[in-house]
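*Asks:* Let's see this in three dimensions:
(chains A and B)
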Amino acid sequence: MNISRRRLLTTGLAAAGGAAGIALAAKLAERHGLIPPDAGGVYGPGETLTYAAQRLLNRHAAARQFSRNQISEKPFANEVSPLGEEFQRLEGGGFADWRLVVDGMAARPASFSLAEIKNFPSSSHVSMIGCEEGWTYIAEWTGAPLSHILDQVGTLPEVRYVVYRSFQPDWWESIDMADALHPQTLVAYGMNGAELPVPFGGPLRMRVPRQLGYKSVKYITRLTLTDSLKRFGKGLGSAAPEGGYAWYAGI
Amino acid sequence: MNATVPIAASGAPRPRSSAVSDVGVAEPKRHSASVRVTHWLTTIAFLALVITGGEIVLSHPRFYWGETGNVNTRPWLNLHLPSSRDTVPTGYGYVLPDQNGWSRYLHFQAAWLAIATGLFYVLFGIFSGHFRRNLLPVASDLSLKAIGRCFIRRLGLARPRAEEAWSYNLLQRLTYLLVIFVLFPLMIWTGLAMSFGFTAAFPATARLLGGHQTARTLHFLTTILLVLFLLVHILMIVVAGFGQRMRAMITGRADYVRKASPAAGPTEPEPLRRSEP
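*Replies:* Below you'll find the model as predicted:
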């Protein structure tokens, strides 16, 4: 092989430039919050590229909305593991005792009843929910914008994520502030003009229409405001990556 | 067909991408380094995408048109495969293990590799003249008769003549153009149209196709076309001489000329004219 000196030089410069470019991009991404909590590991590069690219493209964009006549006649609730006696007791009482605790980095941590949440300004939209398995349905969702609840408790400026937990202890998720403050992100209690049915997540479900259904956790009981996801579970961001699924589910 | 492009000229790259052969004379490369590297990166990405895509389909092996579709609605196409979810009525008495987590992670990582490689390849193809020289059919070749003749020749699994190792035939050119400029872009489009984060920013990607489920169905149908392409591609390589074609795509060398007449040992193939018998 006869590699000329010029070629060696240009290749070397290109490689050094590429490495410096990647290092700079990583630094900028970190500063602008474009690195997902599950960025480590073999699939970290793809996950990071997807999250960063989508956040650069869609930070203020709204999920597709549909007209009411596109609402699915036969939505699919997906299966739910048995919720247990305590849930049945709460359901028997019309969920009057259901509480949503908001804690973490809040000026005024609080615990809201279902009635209090329903008294917050409500928001409705018709959007699609899609499962990572591939199926979809369209429904009208009604709830309190998560941003309003965050305002109520006084979110501290350093908060970067909202962690939310379900009555089902295995289900907990988190979203960044781009989704948490997004006007379509709801703490939903209504579906298609009626109470949110239990199989669909009633009495309270997180609704994050710019991500897959598994981020729209059912039966939410607690929100925790945090500046870092390292302290939660295995530090990967949510239950999804602990089960092998991506934390960011915008794709 | 009476081609006007001399094969050696069309296949032989500029001297810059030449290596020195064992006889000490610059030997033209059949495939430039850019073509070889992008070919194999695409191969890796494609195989990862097909395998993981298949795994993802198994969690819901049913297809629909329009925006919505789920187990409560009638599918347009039911693959009648066992599923990795017990919510799907398959008729099988068992449920496959869930592979969606790593499959989805790897699917999107491989998609990034495919897109980056494809982008580089298309830019290289335009600016190096690769598309113009090696893939665009010669205008005078483009008749149905010529395409038909070429097709029949391929159908008979005739081994290409030695000099054809230096160029793509008409059918190859058209097929590669279809794969590069129609099927791959369609895969990317239909894939992105299924992303809730992407369609938030660009809702038309889903709307223009006719909906989320239409995008998913087209993504699947295009996959079938690409897998068919891969199978025919491999079959044609076996017919043409697996070892030689693989060597050409790995090392860049197509040394049939030297082998054909080792004594004379022309280090550069004669400028040949393509002509179908």
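
*Asks:* measure the closest residue to A:Lys234 other than its chain neighbours to A:Leu229 for me?
*Replies:* Nearest non-adjacent residue to A:Lys234, counting by C-beta to C-beta, 6 or more residues apart in numbering or on different chains: A:Glu242, 5.4 Å away. The way it works is simple: take the backbone N, C-alpha and C, and place the C-beta from them, glycine included. Separation of A:Glu242 from A:Leu229 (C-beta to C-beta, to the nearest Å): 12 Å.

*Asks:* same question, A:Glu173
*Replies:* Distance from A:Glu173 to A:Leu229, by C-beta to C-beta: 11 Å.

*Asks:* Can you check which residues contact both of the two?
*Replies:* By C-beta atoms under 8 Å, 6 or more residues apart in numbering or on different chains, A:Glu173 and A:Leu229 have these common neighbours: A:163, A:238.

*Asks:* nearest spatial neighbour of the closest residue to chain A within the stretch 151-277 of chain B, skipping sequence neighbours?
*Replies:* Relative to chain A, the nearest point of the stretch 151-277 of chain B is B:Gly197 (2.5 Å; C-beta to the nearest C-beta). Spatial nearest neighbour of B:Gly197, chain neighbours left out: A:Gly250 (2.5 Å); criterion: C-beta to C-beta, 6+ apart.

*Asks:* OK, contacts around the one you found?
*Replies:* A:50-51, A:54, A:58, A:210-212, B:195-198, B:200.

*Asks:* May I see these arranged in CSV, with secondary structure, distance to A:Pro36 and neighbour count as well?
*Replies:* Shown next, in CSV, are the contacts of A:Gly250 (DSSP: H, G, I helix; E, B strand; the rest coil; distance: C-beta to C-beta, whole Å; neighbours: other C-beta atoms under 10 Å in any protein chain shown):
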residue, secondary structure, distance to A:Pro36, neighbour count
A:Thr50, helix, 8, 24
A:Tyr51, helix, 4, 26
A:Gln54, helix, 10, 24
A:Asn58, helix, 15, 23
A:Arg210, coil, 15, 27
A:Gln211, coil, 12, 26
A:Leu212, coil, 14, 23
B:Ser195, coil, 15, 26
B:Phe196, helix, 16, 27
B:Gly197, helix, 12, 24
B:Phe198, helix, 16, 23
B:Ala200, helix, 17, 23
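
*Asks:* Point out the least confident member of these, please.
*Replies:* Comparing pLDDT over the contacts of A:Gly250 singles out A:Asn58 as the least confident position, at 94.

*Asks:* So which residues of the chain form strands?
*Replies:* All of this refers to chain A. Along chain A, counting by DSSP state E, strands occupy A:99-104, A:110-113, A:123-130, A:136-145, A:161-166, A:172-176, A:186-191, A:194-195, A:205-207, A:220-226.

*Asks:* could you do chain B instead?
*Replies:* Listed in chain order, the strands of chain B (DSSP E) span B:2-6, B:19-20, B:26-27, B:62-63, B:77-78, B:273-275.

*Asks:* ok so, going back, which among the contacts of A:Gly250 gets closest to A:Ser113?
*Replies:* A:Gln211 (27.5 Å; C-beta to C-beta).

*Asks:* Return the residues in contact with that closest one.
*Replies:* Residues near A:Gln211 by C-beta under 8 Å, 6+ apart: A:175, A:179, A:248-250, B:196-197.

*Asks:* how about the strands of chain A, which one is nearest chain B?
*Replies:* Closest among the strands of chain A, using C-beta to the nearest C-beta: strand A:136-145, at 4.8 Å.

*Asks:* okay, which residue is most central for the chain?
*Replies:* No chain was given, so I picked chain A. A:Ile175 (3.8 Å; C-alpha atoms, centre = their mean).

*Asks:* that's the other chain; I wanted chain B
*Replies:* Centroid check for chain B by C-alpha atoms, centre = their mean gives B:Val179 as the closest residue, at 5.4 Å.

*Asks:* OK, contacts around it?
*Replies:* B:Val179 touches B:226, B:229, counting by C-beta under 8 Å, 6+ apart.

*Asks:* go on, A:Glu133?
*Replies:* So A:Glu133 contacts B:56, B:59-60, B:85, B:100 (C-beta under 8 Å, 6+ apart).

*Asks:* tell me the pLDDT at it?
*Replies:* For A:Glu133, the model assigns a pLDDT of 97.

*Asks:* same check, this time on B:Trp166
*Replies:* Looking at B:Trp166, the pLDDT reads 82.

*Asks:* and it, how far is that from B:Leu174?
*Replies:* 18 Å.

*Asks:* and the two? which has more neighbours close in?
*Replies:* B:Trp166 (24 against 19; other C-beta atoms under 10 Å in any protein chain shown).

*Asks:* ok, the more buried one touching B:Ala254?
*Replies:* Yes. If you go by C-beta atoms under 8 Å, B:Trp166 and B:Ala254 touch, sitting 6.4 Å apart.

*Asks:* I'd like to know which residues of the stretch 1-150 of chain B are adjacent to chain A.
*Replies:* Contacts of the stretch 1-150 of chain B with chain A, taken as C-beta under 8 Å from any C-beta of the partner chain, map to B:19-20, B:56-57, B:59-60, B:62, B:67-73, B:85-87, B:100-102, B:104-106, B:108-112.

*Asks:* Can you tell me which of those residues are buried?
*Replies:* Buried subset of the residues of the stretch 1-150 of chain B next to chain A (neighbour count, 16 or more other C-beta atoms under 10 Å in any protein chain shown): B:56-57, B:59-60, B:62, B:67-71, B:73, B:85, B:87, B:100-102, B:104-106, B:108-112.

*Asks:* Quick check: closest non-adjacent residue to B:Ala158.
*Replies:* B:Val239 (7.7 Å).

*Asks:* mind putting the contacts of A:Glu133 in TSV, distance to A:Phe112 included?
*Replies:* Listed next are those as TSV, based on distance: C-beta to C-beta, whole Å:
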residue	distance to A:Phe112
B:Ile56	38
B:Ser59	36
B:His60	36
B:Arg85	35
B:Asn100	34
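
*Asks:* now those as a markdown table including pLDDT?
*Replies:* Output for the contacts of A:Glu133, formatted as a markdown table (pLDDT from 0 to 100):
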| residue | pLDDT |
| --- | --- |
| B:Ile56 | 98 |
| B:Ser59 | 98 |
| B:His60 | 98 |
| B:Arg85 | 97 |
| B:Asn100 | 97 |
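
*Asks:* Flag every buried residue along stretch B:163-182.
*Replies:* Using 16+ other C-beta under 10 Å as the burial criterion, the residues of stretch B:163-182 that qualify are B:163-176, B:179-180.
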